[in-house]
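Asks: Structure for this input, please:
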Amino acid sequence: MPSYATRLILTALVILVFPASAFAACMNKFVARTEGNKKVVTLLTGSITFQEAQELSKNIQSKKAIVEWVDDKGKAIATAAEFQPVRPMPVACGDKPSGAVLNVVFLTFANPSKAMTVKLGEATTVTFSEQDK
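Replies: Numbers count the residues shown, from 1 in each chain. This is a model prediction of the structure:
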């Protein structure tokens, strides 16, 4: 039977070698609600980091970038009126170290179905699936 110190060291090594985010799968989910003519959407994504989301937010405010909800052909359904990075998320996709939780407001009466494609700036288009309620 290994000693307590040996078990403690082995546990610490496992935690260091396999961080918690390594066990989580790539996630891109959304939850939407309607407020008048606004569609308020919370996006949980591993496709961009919180830092990238903050930079995108600054670029949106200075009119250097936009966030669009697009259909399956890439045609814009609505452009985001508000975009706010909320917090980092420990789930990542691809080579990203982590993801982000985002709040986005679209001025539209359209309703997302079970899937929603959002263009986050010029370089990133992500398909989100609806979070189970």
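Asks: all strands of this protein, in order?
Replies: For the chain, strands defined by DSSP state E occupy the ranges 28-35, 38-45, 67-70, 76-89, 99-107, 115-120, 124-130.
Asks: Residues touching the longest one, excluding its own?
Replies: Applying Cβ atoms under 8 Å, 6 or more residues apart in numbering, the set of residues contacting strand 76-89 from outside is 27, 38-39, 42, 44-46, 49-50, 53-54, 56-57, 60, 66-71, 98-108, 110. (C-beta placed from N, C-alpha, C; glycine too.)
Asks: Same question for the last one.
Replies: By Cβ under 8 Å, 6+ apart, the surrounding residues in contact with strand 124-130 are 28-32, 43, 45, 47-48, 70, 74, 112-120.
Asks: can we see that at 10 Å?
Replies: Here strand 124-130 makes contact (Cβ atoms under 10 Å, 6 or more residues apart in numbering) with 27-32, 41, 43-48, 52, 56, 67-70, 72, 74, 93, 112-120.
Asks: Over to the shortest one?
Replies: Counting by Cβ under 10 Å, 6+ apart, strand 67-70 makes contact with 30, 32, 39, 41, 43, 56-57, 59-60, 74-83, 102, 104, 106, 108, 110, 112, 116-121, 124-125, 127-128, all of which sit outside it.
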